[in-house]
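In: Below are the sequence and a predicted model for it; my questions follow.
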Number of protein chains: 2
Amino acid sequence: MSVTVVGSIAFDAVTTPFGSRERMLGGSAVHFSLAASFFDDVHVVGPVGDDFGPDEYAVLEGREVRTEDIEHIEGGRTFFWRGAYGWDLNDRDTLDTQLNVFADFEPKLSLESRSTDVLFLANIQPDLQREVRAQCEGARFVALDSMNLWIETARDSLIETIAGVDCLLLNDAELRQLTREPNLVRAARKIREWGPRVVVAKQGEYGSAMITDEGFFGLPAFPLETIVDPTGAGDSFAGGFVGYVAAHPDAELDHELLCRAMAYGTALASFNVEEFGVERVARLTAGEIGERVGELRRITSFSEKPLLLRG
Amino acid sequence: MSVTVVGSIAFDAVTTPFGSRERMLGGSAVHFSLAASFFDDVHVVGPVGDDFGPDEYAVLEGREVRTEDIEHIEGGRTFFWRGAYGWDLNDRDTLDTQLNVFADFEPKLSLESRSTDVLFLANIQPDLQREVRAQCEGARFVALDSMNLWIETARDSLIETIAGVDCLLLNDAELRQLTREPNLVRAARKIREWGPRVVVAKQGEYGSAMITDEGFFGLPAFPLETIVDPTGAGDSFAGGFVGYVAAHPDAELDHELLCRAMAYGTALASFNVEEFGVERVARLTAGEIGERVGELRRITSFSEKPLLLRG
């Protein structure tokens, strides 16, 4: 089966306390694709300009990501983002955003991308997400990410779009902002009333939490001594999470399976932040992922032992 | 065996989005004592004034907390704190602090309190913590909490005090502030170089993390739809955590045991915040605690299943 992702393909300029890159491959659809490529065939949909060349294609194709639906806009330039992180890596400053070819993006999905089993709507304008969702009628699992910009400027459209997907993945501050509920459990319930049966709160360095009809699941982030560049962590998480679902075409997508998907998402996100941009994930191996998921299980498990309490 | 705790005994005035209390029993030593009372005999050490009467003693004695070392200062008034929380319950405003009898507090431990098996130094001036620690030479496990005030005004003394304990429990922002390390893993390593072999980062609504010589352990907070009053959550956590250690006088305090202690701490903290002040924990039952620990295990566990990844 396969995963289709629609989102940004970008060049990023990033400064963190550990160094900087002036122009590296990035974008939500790219980070997602590379992470999901460990699980299933991935079709990536998004626009690029003349500056997007063989080196960039090579990174995606090195992980066998299907690039036929990358739309090359003649005479255009690729989406560009410049940001900087201080010591608190949960907080970043956007210094420059050049939409370029992304400004007039109209997603065009090939028949193959449309007939996907699993669809990830990365963070783009919610009307576009809804159009894409409508094109992928047969998808058995559709997940969506968004951001504060759309919550602020297109909330009604975003809620309408959310109503049509199975799973919402969002930063926890954005979940609160979107639902106007400061409490995560209540925020998730509200979202689930709108439509999606699965809500995943991305909590940055604190990990992630998921709420389904079977209840709550929480997982800390994988502990790292050095986080070089958090850019793309959320999309790598989504790639691992959604990829895991795609890798199980015949399984029931129950809570237990989705908990394991959270662990794979957590693992992929943790590799992503170890180096700048896609540098780490591009040369990641299956064995490393498996090992980290096992380690994550070990560092989040406690044994039960009977204890007679007083009173 | 027994636990001794030295810290504040207070009256709190608290306003949260869910209501307010004008004058309720509080203080770090009180929250700790009630939580720890489910595990072992607890001796509470701290000063009170004339306004501390039978109703307050009754709450502690209702949980069989040993109150002989509560020092009544004739003509004095009990420590008073007034605070308010907004919708973001991680953030609180202190509106008034009246140290009263706490200003000249010199901890006086009875022989019974001194010969304790386990000692918790709740958040008081670090010189005093060090004095108490010296009086409890025989304690097999000593844990310490502190706060930003002491990091800012008495950092050297605090570090000296930390050097003499087995376990530091601190809010994660304070851990960073104290160590000047933004990364939790590095911060914990620095602390462990100072002396303690166990470091616990309290992360508020995100849960907690522990680092020992055997590695990392992370646990989300127990998910609640309504958090009525977070005051005392950290001390209740400490009461559950340290209490669990005290309940195992003959066991090796290895990583696995301390992970279970974290689960009990998490459970106690979650009950504490369900109502104002000590209202919920004062009428808590052993059965409820056991159930919640089991539930916590369920919502943090994921099963492993072999999966052939690509690449």
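Out: Alright, I've got the coordinates.

In: and the nearest residue to A:Glu112 once chain neighbours are set aside, how many neighbours does it have?
Out: Here the nearest residue to A:Glu112 in space, its sequence neighbours aside, is A:His43; by Cβ to Cβ, 6 or more residues apart in numbering or on different chains that works out to 6.3 Å. All C-beta spots, glycine's among them, are computed from the backbone N, C-alpha and C. Each residue near A:His43 was counted by other Cβ atoms under 10 Å in any protein chain shown, and the total is 24.

In: need the contact list for A:His43.
Out: Residues in contact with A:His43, defined by Cβ atoms under 8 Å, 6 or more residues apart in numbering or on different chains, are A:Ser2, A:Val3, A:Thr4, A:Val5, A:Val65, A:Arg66, A:Glu68, A:Asp69, A:Ser110, A:Glu112, A:Ser113, A:Thr116.

In: If any of those residues are buried, put those into a PyMOL selection.
Out: Buried residues within those, by 16 or more other Cβ atoms under 10 Å in any protein chain shown, are selected in PyMOL with:
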select buried, chain A and resi 2+3+4+5+65+66+69+113+116
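
In: Can you tell me which of the contacts of A:His43 is nearest chain B?
Out: Comparing the contacts of A:His43 against chain B with Cβ to the nearest Cβ picks out A:Val65 as the nearest, at 11.0 Å.

In: In this structure that closest one contacts A:Leu34, no?
Out: Yes: the pair A:Val65 / A:Leu34 is scored as a contact, 6.9 Å apart, by Cβ atoms under 8 Å.

In: Now do A:Gly75 against chain B, distance only.
Out: According to Cβ to the nearest Cβ, to the nearest Å, A:Gly75 and chain B sit 35 Å apart.

In: Oh, that last question was meant for A:Arg82, not what I typed.
Out: Computed as Cβ to the nearest Cβ, the A:Arg82 to chain B distance reads 22 Å.

In: Please name the bridge partners of that residue.
Out: Beta-bridge pairing for A:Arg82 (DSSP bridges): A:Ala13, A:Asp96.

In: could you dump the contacts of A:His43 to TSV with pLDDT, distance to A:Arg21 and secondary structure?
Out: Written out in TSV, the entries for these read as follows (pLDDT from 0 to 100; distance: Cβ to Cβ, whole Å; DSSP: H, G, I helix; E, B strand; the rest coil):
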residue	pLDDT	distance to A:Arg21	secondary structure
A:Ser2	95	31	strand
A:Val3	98	27	strand
A:Thr4	98	28	strand
A:Val5	98	23	strand
A:Val65	98	21	coil
A:Arg66	98	26	strand
A:Glu68	97	28	coil
A:Asp69	97	26	coil
A:Ser110	97	32	coil
A:Glu112	97	33	helix
A:Ser113	97	30	helix
A:Thr116	97	32	coil
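
In: Contact residues of the stretch 101-250 of chain A facing chain B?
Out: Where proximity means Cβ under 8 Å from any Cβ of the partner chain, the interface of the stretch 101-250 of chain A facing chain B comprises A:182-186, A:203, A:205-207, A:209, A:215-221, A:223-227, A:244, A:247.

In: Could you list which of these belong to helices?
Out: A:Leu184, A:Val185, A:Arg186, A:Tyr244 (DSSP state H).

In: Would you convert these into CSV that also reports distance to B:Thr231 and pLDDT?
Out: As requested, those are arranged in CSV below (distance: Cβ to Cβ, whole Å; pLDDT from 0 to 100):
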residue, distance to B:Thr231, pLDDT
A:Leu184, 20, 95
A:Val185, 20, 96
A:Arg186, 21, 96
A:Tyr244, 40, 98
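
In: which one of the residues you listed sits closest to chain B?
Out: Top of the list for closeness to chain B, among these and by Cβ to the nearest Cβ, is A:Val185 at 4.7 Å.

In: List the contacts of that closest one.
Out: Under the criterion of Cβ under 8 Å, 6+ apart, the contact list for A:Val185 reads A:Ile211, A:Phe216, B:Pro223, B:Leu224, B:Glu225.

In: Make a PyMOL selection of whichever of the residues you listed turn out to be buried.
Out: Here the buried members of the contacts of A:Val185 are turned into a PyMOL selection, burial being counted by 16+ other Cβ under 10 Å:
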select buried, (chain A and resi 211+216) or (chain B and resi 223+224)
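
In: Closest one to B:Ser146 out of the contacts of A:Val185, please.
Out: In terms of Cβ to Cβ, no member of those lies closer to B:Ser146 than B:Leu224, at 26.5 Å.

In: Checking the residue nearest to A:Glu112 next. Helix, strand or coil?
Out: strand (DSSP: H, G, I helix; E, B strand; the rest coil).

In: Give the bridge partners for it, please.
Out: A:Thr4, A:Arg66.

In: Looking at chain A, which helix is longest?
Out: The helix of greatest length in chain A, counted in residues with DSSP H as the criterion, is given as helix A:255-272.

In: touching chain B at all, that one?
Out: Yes: applying Cβ under 8 Å from any Cβ, one finds helix A:255-272 in contact with chain B at A:Glu256, A:Cys259, A:Arg260, A:Met262, A:Ala263.

In: May I see the residues you listed organised as JSON lines, with neighbour count and pLDDT added?
Out: Output for the residues of helix A:255-272 next to chain B, formatted as JSON lines (neighbours: other Cβ atoms under 10 Å in any protein chain shown; pLDDT from 0 to 100):
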{"residue": "A:Glu256", "neighbour count": "16", "pLDDT": "97"}
{"residue": "A:Cys259", "neighbour count": "20", "pLDDT": "98"}
{"residue": "A:Arg260", "neighbour count": "20", "pLDDT": "98"}
{"residue": "A:Met262", "neighbour count": "24", "pLDDT": "98"}
{"residue": "A:Ala263", "neighbour count": "25", "pLDDT": "98"}
